[in-house]
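J.: From the sequence below, what's the structure:
(one chain, ligands or ions: 1)
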Amino acid sequence: MDAVDDANQLRETSKNEVMSFFESSPLLKDAAEIEKSLKEFVDRNTSSSGNLNGKANRVVCITSGGTTVPLEKQGVRYIDNFSSGHRGAASTEYFLKAGYSVVFLYRRGTCQPFCSSLPDDPLLECFSVADDSSIEVDALHAETVKRAITENRAAVAEGILLKLPFTTIFEYLQILRLISVSLRDLGPSAIFFLAAAVSDFYIPWESMAFHKIQSASGPLDMRLVQVPKMLSVLRNEWAPMAFHISFKLETDRDILLANADMALKKYKMHMVIANELSTRKEEVIVVTEQEKVTVRRDNTWAGAEVECPLVELVVDRHSAYIKKFDA
Ligand code: PAZ
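T.: Below is the predicted model:
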């Protein structure tokens, strides 16, 4: 069997596994609502009077935060991961600044764009009740609160920021599929920036306990199966012309680049962004077929974020990618 047969077989296997994942997943609530908002978003960002944000028709789907794996259908317990959603939220701001429109697919309760300078509990820490019972913003936080509210509302109202929340792995993958199909006609103008930490293993819906698992019966044996590799299907079937960027996280530096290279080749990504858990806010390594570029946070000022130079680099490489189609 030659390399082409191998690739075709991988594609077929992935397609079949993906199909059976979706067939056995619980139905996505609000699917019709999500499809409607995606259609409005795409219409707005493809019409000539649409995105007044600078880069006509350029859209990025940013995934952010971690997916959960339920252990029981009633949703009492689940397996989760560390992701705070900071990468996705910060990148959303920089892409908007660069003139892109953003579909922000985020885990409920994780970091939101324009909110990174707010304290952990903004409602309790930024506001006071005045004598006449009206609510006031404390002077210390006034600017940050104003910025968070105005910039977020402006981006949503202008139709250049669409926020779609998920919690479970089932919701995440179903919404990602809806987004990719909706953005398909944008061809190379669309980017998939897949920063979410997606579960590798899950319990299929049909073999999941319905009620809360009882502890009286002793130790728990549970079989998790592998989540099918959606990257392959996203890249080849759902949005084949888009610019695809996946992330690779490791805790062992020695295997990070090898695994990033493998993902680049196996899934034909345009870019894999490699990062280590402990230094992910300081630096990332951008791996492409042609280069490996280390992108660092600017340490000369306190509020600098690694996502700023990272998004600059992505925009540059995406512009070059689009040009190839213009030629
Ligand atoms: O969400 P966060 O800012 O805490 O972390 C970002 C990240 C490490 C989840 C992201 O950069 C990443 O690597 N995502 C993919 C993780 C993976 O290999 O599944």
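
J.: what's around residue 118, how many residues?
T.: For residue 118, the number of neighbouring residues by other CB atoms under 10 Å comes to 18. No exception for glycine: its C-beta is placed from N, CA and C like everyone else's.

J.: same check, this time on residue 23
T.: Here the number of neighbours of residue 23 (other CB under 10 Å) works out to 8.

J.: separation between the residue positioned nearest the centre of the chain and residue 91?
T.: Nearest residue to the geometric centre of the chain (CA atoms, centre = their mean): residue 63, 0.7 Å. Separation of residue 63 from residue 91 (CB to CB, to the nearest Å): 10 Å.

J.: which SSE is the residue nearest to the centre of the chain in?
T.: Residue 63 is located in strand 59-64, with elements delineated by DSSP states H and E.

J.: Skip ahead from that strand and say which helix or strand is next.
T.: Sequence-wise, the next helix or strand beyond strand 59-64 is strand 69-70, with elements assigned using DSSP H and E.

J.: Other residues contacting the helix or strand following that next one?
T.: Under the assignment DSSP H and E, the closest C-terminal helix or strand after strand 69-70 is strand 78-79. Judged by CB atoms under 8 Å, 6 or more residues apart in numbering, the contacts made with strand 78-79 from elsewhere in the structure are 68, 69, 70, 71, 168, 199.

J.: now residue 156, what's its secondary structure?
T.: Applying DSSP: H, G, I helix; E, B strand; the rest coil to residue 156 yields a three-state assignment of helix.

J.: what sits against residue 259?
T.: By CB under 8 Å, 6+ apart, residue 259 lies in contact with 248, 250, 274.

J.: ok so, going back, distance of the residue nearest to the centre of the chain relative to the ligand?
T.: 9 Å (CB to the nearest ligand atom, to the nearest Å).

J.: Quick one, grab the pLDDT at that residue.
T.: Here the pLDDT value assigned to residue 63 is 98.

J.: Same check on residue 186?
T.: The per-residue pLDDT reported for residue 186 equals 96.

J.: Which residues does the nearest residue to it once chain neighbours are set aside form beta bridges with?
T.: Here the nearest residue to residue 186 in space, its sequence neighbours aside, is residue 59; by CB to CB, 6 or more residues apart in numbering that works out to 5.7 Å. Residue 59 has the following beta-bridge partners by DSSP bridges: residue 101, residue 190.

J.: Alright, calling it a day.
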